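3D model of this:
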Amino acid sequence: MGLKVSTIVDAKIWREFKRLAEDSHQNLSGLLTEALADFLQRKRVRPTFLKHMEASLQENEQLGRLLAK
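This is a model prediction of the structure:
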């Protein structure tokens, strides 16, 4: 089920977005939904990735030093 929203977007960005929708033969609503889903996925995955990356670096600190030599 869709939800109608209202917001203010930079005019240049909106023109580019509309052009992308036309070029890809998608409606604005579908493309905006896809863009928001991609944005949310990136925002959720990045902190999780960084947390695991930091843990891995700490666990393998000695190996990292050996490889750096």
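
so how far is Leu63 from Lys69?
11 Å (Cβ to Cβ, to the nearest Å). Glycine gets a C-beta too; all of them are placed from N, C-alpha and C.

these two: which is more packed in?
Shown here are Lys69 and Leu63; by other Cβ atoms under 10 Å, Leu63 has more neighbours (10 against 4).

tell me which other helices or strands the helix ranked longest in the chain touches.
When the chain is parsed with DSSP state H, its longest helix is helix 28-59. In terms of contacts (3 or more Cβ pairs under 8 Å, 6 or more residues apart in numbering; DSSP states H and E), helix 28-59 is packed against helix 11-23.

buried ones in the helix it packs on, by neighbour count?
Going by neighbour count (16 or more other Cβ atoms under 10 Å), the buried part of helix 11-23 is Phe17, Ala21.

what's the average pLDDT for the longest helix of the chain?
For helix 28-59, the mean per-residue pLDDT is 87.

with stretch 4-20 instead?
95.

show the subsequent helix or strand relative to the longest helix of the chain.
helix 61-68 (DSSP states H and E).

outside of that next one, which residues touch it?
Residues from elsewhere that reach helix 61-68 (Cβ atoms under 8 Å, 6 or more residues apart in numbering): Leu57.

now that helix and helix 28-59, what's the angle there?
Angle, helix 61-68 to helix 28-59, by axes from the mean of the first three to the mean of the last three Cα atoms, to 10 degrees: 90 degrees.

with just CA atoms, put helix 61-68 into CSV.
Extracted C-alpha coordinates of helix 61-68, given in CSV (Å, rounded to 0.1, in the frame of the first residue of the first chain):
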residue,chain,number,x,y,z
GLU,A,61,46.2,-7.2,14.4
GLN,A,62,49.3,-9.4,14.7
LEU,A,63,48.8,-10.9,11.3
GLY,A,64,48.4,-7.4,9.8
ARG,A,65,51.7,-6.3,11.3
LEU,A,66,53.4,-9.4,9.8
LEU,A,67,51.9,-8.7,6.4
ALA,A,68,53.0,-5.1,6.5
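
noted, bye for now.
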